[in-house]
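> Give me a model of this one.
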Amino acid sequence: MHLAISLSIAATDGQDVLSFDQISSFVRKAEAAGVDMVIISDSADKPSSSPFEATTLLAALATVTDKIGLVASASTLAHQPYNLARRFASLDIISHGRVGWNATTAQNPREAANFSRPEGFSEDDFRRRAWEFINIVRLLWIGWEHDALLFDKASGRFHDPDKMHPANFAGEFFSVRGPLNVARSPQDVPVLVMSGLAGTELDFASRRADVVLLDKLEPSGARATRDEIKRRAHEAGRDPVAIKVLAMADAVPEHDGRSLEDLCLSSGCDGIVLTVQPRAAAVEAFVERLLPELKRHGFAKAQGKTLRDRLGLSEDSKP
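Down below sits the predicted model:
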């Protein structure tokens, strides 16, 4: 059973912000306990303070860890597809193939007002724009074949043109030529995580996502959603095993290793994601109390150099 941790570093309501030393110490302890990945977010629906931008923090964490997967939440509203694709491709090289993008598709009005859209988007426009954005990022990630970049000074050949595939994307919201000026990912492409999904978004996720996070559903609801995602993936021509579904829960005192094992098994999910509160005491309690219990109950047994290896995901070269 896979184990992931979700940590929001956005402090609200006068909370103290976590320092880099506190965050890095926590992530290293999670790595030592066998946690598959940590998902970092840095935004909130209400006024908040965050000491770091999530993807920048990942670059720093990559230098002090060796095995744990590092996933950053990044909104399709606050970025352009080319820049975001380039950033995650670079992070994946820095981390030797341990990076993922949690594509947040919920519209945050506070973000919209900071990115020249004070009125935001209609829900339908925002959804179509987000899907287009994600498709472009995926195209850019596979713009170079693995051995396309030659860097041959003697012949003056930078790349093999037959192994370069520009996106040449012209859509409703974006126009992107490509390719990226970053080499192919060590794990083929960074892992695409999607969360907070409902309705038609499940269909898109079943076609595109590597990992889907189910937001704190009861076991029966989680199982029904998990089955629906796997069914739609099969109908889309994907092997249902190629998409991992993780149930989310809060890391609270009433949860122990046994109850979380029961949640995972009764939901039929591939593992769980535990949300840890961004407070020093909560982080320390999680490390000291819950992590050892989870390991005893069969979580965090995966091995592998890349995040795809740890999650049992194959390479995903499809556009």
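> Residue 51 and residue 108: what is the separation?
19 Å (CB to CB, to the nearest Å). Every C-beta, even on glycine, is put in place using the N, C-alpha and C of the backbone.
> repeat for residue 291
Separation of residue 291 from residue 108 (CB to CB) stands at 31 Å.
> neighbour-wise, which of these two wins?
Taking neighbours as other CB atoms under 10 Å, residue 291 and residue 108 compare with residue 291 leading, 23 against 16.
> so what pLDDT did the more buried one get?
Looking at residue 291, its pLDDT is 91.
> Quick check: which element contains it?
helix 291-296 (DSSP states H and E).
> Can you give me the buried ones in the next helix or strand after that helix?
On the C-terminal side of helix 291-296, the closest following helix or strand by DSSP H and E is helix 307-311. Going by neighbour count (16 or more other CB atoms under 10 Å), the buried part of helix 307-311 is 307-311.
> just the helices in the stretch 101-250 of the chain please.
109-112, 123-141, 200-208, 219-235 (DSSP state H, counting those that start in this stretch).
> Let me know which of these is the nearest to residue 67.
Counting by CB to CB, residue 67 lies closest to helix 123-141 out of the helices of the stretch 101-250 of the chain; the figure is 22.4 Å.
> Report the angle between that closest one and helix 200-208.
Orientation check (axes from the mean of the first three to the mean of the last three CA atoms, to 10 degrees): helix 123-141 against helix 200-208 gives 10 degrees.
> Alpha carbons of helix 123-141, as CSV, please.
Taking Å, rounded to 0.1, in the frame of the first residue of the first chain, the C-alpha atoms of helix 123-141 are listed here in CSV:
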residue,chain,number,x,y,z
GLU,A,123,-16.7,27.3,-14.4
ASP,A,124,-17.0,25.8,-17.8
ASP,A,125,-14.4,28.0,-19.4
PHE,A,126,-12.0,27.4,-16.5
ARG,A,127,-12.4,23.6,-16.8
ARG,A,128,-11.8,23.6,-20.6
ARG,A,129,-8.8,26.0,-20.1
ALA,A,130,-7.3,23.7,-17.4
TRP,A,131,-7.7,20.6,-19.6
GLU,A,132,-6.1,22.4,-22.5
PHE,A,133,-3.2,23.6,-20.2
ILE,A,134,-2.5,20.0,-18.9
ASN,A,135,-2.6,18.6,-22.4
ILE,A,136,0.0,21.1,-23.6
VAL,A,137,2.3,20.4,-20.7
ARG,A,138,2.2,16.7,-21.4
LEU,A,139,3.0,17.4,-25.1
LEU,A,140,6.0,19.5,-24.1
TRP,A,141,7.3,16.9,-21.8
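> That one: how far from the chain's middle?
15 Å (CA atoms, centre = their mean, to the nearest Å).
> How about stretch 286-296?
23 Å.
> One more: stretch 301-319?
That offset, for stretch 301-319, works out to 13 Å (CA atoms, centre = their mean).
> If you count neighbours, what's buried in that stretch?
In stretch 301-319, counting by 16+ other CB under 10 Å, buried: 302, 304, 306-311, 313, 316.
> do the same with stretch 78-93
Applying 16+ other CB under 10 Å to stretch 78-93 flags 79, 81-82, 84-93 as buried.
> Closest to residue 57 out of those?
Among these, and counting by CB to CB, the member closest to residue 57 is residue 91, at 10.4 Å.
> tell me the secondary structure for that closest one?
helix (DSSP: H, G, I helix; E, B strand; the rest coil).
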